[in-house]
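# no sequence for this one, just the structure:
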Ligand SMILES: [Zn+2]
């Protein structure tokens with residue numbers, strides 16, 4: 001699990017890693033190139049687990065409480081516990097709209113997202129949003145909250161057209177390992193459009209392992225490979241990308 005020395009030169013913030021869902025023990029994971037990380041919950045159980053894992057990390061961690069759009073249909077049952085967790089968590093989410101898998105109805109997903117947006121507004125906490133094949137509906141809803149609190153679009157996959165539109169909303173685009181895939185040409189063109197001040201990096205551990213580690217479970221240190229690709233696309237040095245993305249996350253977390 002240990003990475004080579006060349007990967008340790010600069011530090012990164014992994015803005016989205018589900019360490020509570022990883023099969024690896026925390027003691028087995030290499031955090032040496034990680035400045036700090038964010039562990040998002042996807043339901044009440046995993047949000048509580050995110051808080052626990054944060055407390056056991058050898059580095060600084062932040063956690064969030066939320067209900068994933070896949071499970072939006074469970075919102076009524078989870079609402080009370082989520083509300084209690086929102087007051088404690090550093091961030092709200094992961095929530096959002098997923099019209100690709102549609103594991104909950106569009107109506108349930110909309111209500112669930114609205115519930116999280118209202119919590120972010122109330123607590124003035126950043127929100128983590130998952131968006132898949134739902135660019136139009138998400139834009140219309142998020143637009144109402146522009147400027148109220150920081151918004152992170154996690155594992156952004158939008159093409160140039162949507163990226164330009166969302167840029168007007170002053171939100172943060174978190175780029176995952178998908179950008180390293182040969183099939184992700186549209187996303188690679190989008191990344192070129194996103195100003196450094198709006199870029200974040202993530203692994204989405206244990207999912208979305210970047211090239212050249214595909215086939216393995218993802219882990220925070222692999223954010224390096226995504227960083228390398230993004231730096232190439234932006235034509236900036238790793239040092240520059242590291243300092244910008246750390247500063248962006250500091251800003252949105254108010255630290
Ligand atoms: Zn996630």
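Received it, and whenever you're ready, just let me know what you need. Fair warning: this is a prediction, and the values are worked out from it, not measured in the lab.
# where do the helices sit along the protein?
For the chain, helices defined by DSSP state H occupy the ranges 44-56, 75-88, 106-123, 135-143, 160-167, 185-193, 223-234, 238-253.
# contacts only, for residue 137.
97, 99, 106, 110 (C-beta atoms under 8 Å, 6 or more residues apart in numbering). Glycine gets a C-beta too; all of them are placed from N, C-alpha and C.
# now those residues in CSV, with pLDDT?
Converted to CSV, these look like this (pLDDT from 0 to 100):
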residue, pLDDT
97, 96
99, 94
106, 96
110, 97
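# any chance of the helices of the chain in JSON lines, plus distance to residue 19?
Output for the helices of the chain, formatted as JSON lines (distance: least, C-beta to C-beta, whole Å):
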{"stretch": "helix 44-56", "distance to residue 19": "5"}
{"stretch": "helix 75-88", "distance to residue 19": "17"}
{"stretch": "helix 106-123", "distance to residue 19": "21"}
{"stretch": "helix 135-143", "distance to residue 19": "26"}
{"stretch": "helix 160-167", "distance to residue 19": "28"}
{"stretch": "helix 185-193", "distance to residue 19": "25"}
{"stretch": "helix 223-234", "distance to residue 19": "13"}
{"stretch": "helix 238-253", "distance to residue 19": "17"}
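# so where is this structure shaky, pLDDT-wise?
Along the chain, segments meeting pLDDT under 70 span 1-6.
# re the thing from before, right, so the helices of the chain: which one is the most enclosed?
helix 223-234 (a mean of 21; mean count of other C-beta atoms under 10 Å).
# who are the packing partners of that one?
In terms of contacts (3 or more C-beta pairs under 8 Å, 6 or more residues apart in numbering; DSSP states H and E), helix 223-234 is packed against strand 12-14, helix 185-193, strand 199-201, helix 238-253.
# would you turn the ones you listed into TSV with distance to residue 84?
Shown next, in TSV, are the helices and strands packed on helix 223-234 (distance: least, C-beta to C-beta, whole Å):
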stretch	distance to residue 84
strand 12-14	26
helix 185-193	37
strand 199-201	28
helix 238-253	21
